[in-house]
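Asks: Turn this into a structure:
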Amino acid sequence: MTFRQTDGPAVSAAKASISTATAYRFEQDHRPPSVKQKPRGRRRPDPLVAFFDAEVAPMLTAAPGLRAVAIFEEMQRRHPDLPDGARRTLERRIRGWRALHGANQEVIFRQVHEPGQMGLSDFTDMAELGVTIAGIPLDHRLYHFRLAYSGFAHAHVILGGESYVALAEGLQNALWALGGAPHEHRSDSLSAAFRNLDQDARADLTRRYDALCLHYGMQPTRNNRGVAHENGSIESPHGHLKKAVMDALLMRGARDFDDLAGYRLFIDEIVSRKNAHHAKRIAAERIVLQDLPGQRTVDHEETIVTVTSSGGFTLKKVFYTVPSRLIGHRLRVRLYDDRLDVFIGATLLTTLPRGRATAAGKHAHVVDYRHVIHALRRKPMALLNLVYRDQLFPRDAYRLTFDRLRECLPDKSACRLMVDLLALAHDRGCEADLATCLAADLAALRLPDIAVLRRRFAPDPASLPEVVVHLTPLIAYEALLGADAASPWGEAA
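Replies: As a prediction, this is how the structure comes out:
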């Protein structure tokens, strides 16, 4: 248009580097092509025009949570001529309607995390990974701790469900591994730990949790129940950690571990490698963390139990055996996530693996045959209908051997022979080797010969010779030094 003020259309078009035809068209209509284009109309009839505003929109207003597929099925029921191909059209129309008329949605507010300010704790279920210990599936969770700023992580294998004991043990392990404590500790609502607790027990658990945070100078905070994104700084890393564990299991080529300690070491190595990626940020955050107190605080539950005439005690629907000399005594038990420490007074007697009742609430048993074998020797028939008989056998070979003995021998003979086998394993310290022999007998379809096994695992302690040791009198050592040897401590010696 600047050139057109002095030149004709053809010359102006040449100077502006456009075609002459375009210049003449622009002379007639100054609007750009984008404005002159007519809006694109429908190329085929709208299949929803008859009922969307009249039926679908009121449904969306009355029930905003309705799925598009449910509305489509309802429309097909009301209008049989509605084709299946109209489903995608209806979904797009509903999405557009909700964008214009729908309810407001939850907004996620991204946060700026200050170093040393917040640490987060949560539990995640690991059942989907299919980990086994010595061939037995491991029902477990991971306690997961993470610093929001640097990404420092710590994971601890939890055998039971979510509980204060698991939280206290895992949190303290994380803080002592970190070497400091953040100013704030964020967790979820702890609803799983409160489950099946009465009001007094819930109040006590809350007090203990507050005391735990106070011991480390942390302010306890919780996100709202059912709002996972408020704990997003650890909920999302849950998934990354589980995927890392899955990848490591696949590269390992096996999901079975010899013992729980080996699996815990496996998890620790994975978490350590993840922490190595954030080493600089972790080192920077450690500087501003609070100092740890002089010692850990309580991370267990403590209770008093009485050993009954059955040779054990019941705690949280689990029966535990102890040495029979403790029958009638009151014991102090410290309950951890994976073990029980048993005290009489201030003396630690023993440590027992922790058992748990079944999901249906049925009682469980944690039995050590060494605690009751002396009594079974006097009453071998008690084995036949013993409540915890299956848990009494230390290995599967013993249980399968007893089943075989009952098939081939009278009950009395089967019980006596089985008790003799357990006594042999106890007296000669050959539980594993004897299990190998019993497995071989089962494979060969023969019964174990107790006389042969006793000779194999000889000597019999009763047949060992008595060795008498004569102590040399101390004066004999002076003769070795000589009668006139002076005492290094002077004449008074």
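Asks: just so I have it, where are all the helices in the stretch 101-250 of the chain?
Replies: Counting by DSSP state H, counting those that start in this stretch, the stretch 101-250 of the chain has helices at residues 164-178, 191-194, 199-215, 232-252.
Asks: for the last one, which positions count as buried?
Replies: Neighbour counts using 16 or more other Cβ atoms under 10 Å place 232, 233, 234, 235, 237, 238, 241, 242, 244, 245, 249 of helix 232-252 among the buried residues. For the C-beta atoms, the positions are set from N, CA and C on the backbone; glycine is no exception.
Asks: Give me the domain ranges for the chain.
Replies: According to automatic domain parsing, the chain comprises the domains 3-36, 52-101, 118-286, 301-366, 369-463.
Asks: Let's have those in a markdown table, adding mean pLDDT and distance to residue 294.
Replies: Shown next, in a markdown table, are these (pLDDT from 0 to 100; distance: least, Cβ to Cβ, whole Å):
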| stretch | mean pLDDT | distance to residue 294 |
| --- | --- | --- |
| domain 3-36 | 83 | 76 |
| domain 52-101 | 92 | 54 |
| domain 118-286 | 85 | 10 |
| domain 301-366 | 90 | 21 |
| domain 369-463 | 90 | 38 |
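Asks: Wasn't residue 332 part of a strand?
Replies: Yes: counting by DSSP: H, G, I helix; E, B strand; the rest coil, residue 332 falls inside a strand.
Asks: any idea how far it is from residue 345?
Replies: 8 Å (Cβ to Cβ, to the nearest Å).
Asks: again, but for residue 268
Replies: 36 Å.
Asks: Between these two, which has more neighbouring residues?
Replies: residue 268 (15 against 10; other Cβ atoms under 10 Å).
Asks: That one: what's its closest spatial neighbour, skipping adjacent residues?
Replies: residue 155 (7.6 Å; Cβ to Cβ, 6 or more residues apart in numbering).
Asks: ok, now which ones touch the residue nearest the centre of the chain?
Replies: Against the mean C-alpha coordinate of the chain, by Cα atoms, centre = their mean, the closest residue is residue 141 at 1.2 Å. Neighbouring residues of residue 141 by Cβ atoms under 8 Å, 6 or more residues apart in numbering: 123, 124, 125, 126, 157, 158, 161, 162, 166.
Asks: Hmm, residue 392 is touching residue 369, no?
Replies: Yes: taking Cβ atoms under 8 Å as the definition, residue 392 is a contact partner of residue 369 at 5.2 Å.
Asks: which residues do these two both contact?
Replies: residue 422.
Asks: What distance do you get for the closest residue to residue 169 other than its chain neighbours to residue 171?
Replies: Spatial nearest neighbour of residue 169, excluding adjacent residues (Cβ to Cβ, 6+ apart): residue 299 at 4.3 Å. Between residue 299 and residue 171 the distance, using Cβ to Cβ, works out to 8 Å.
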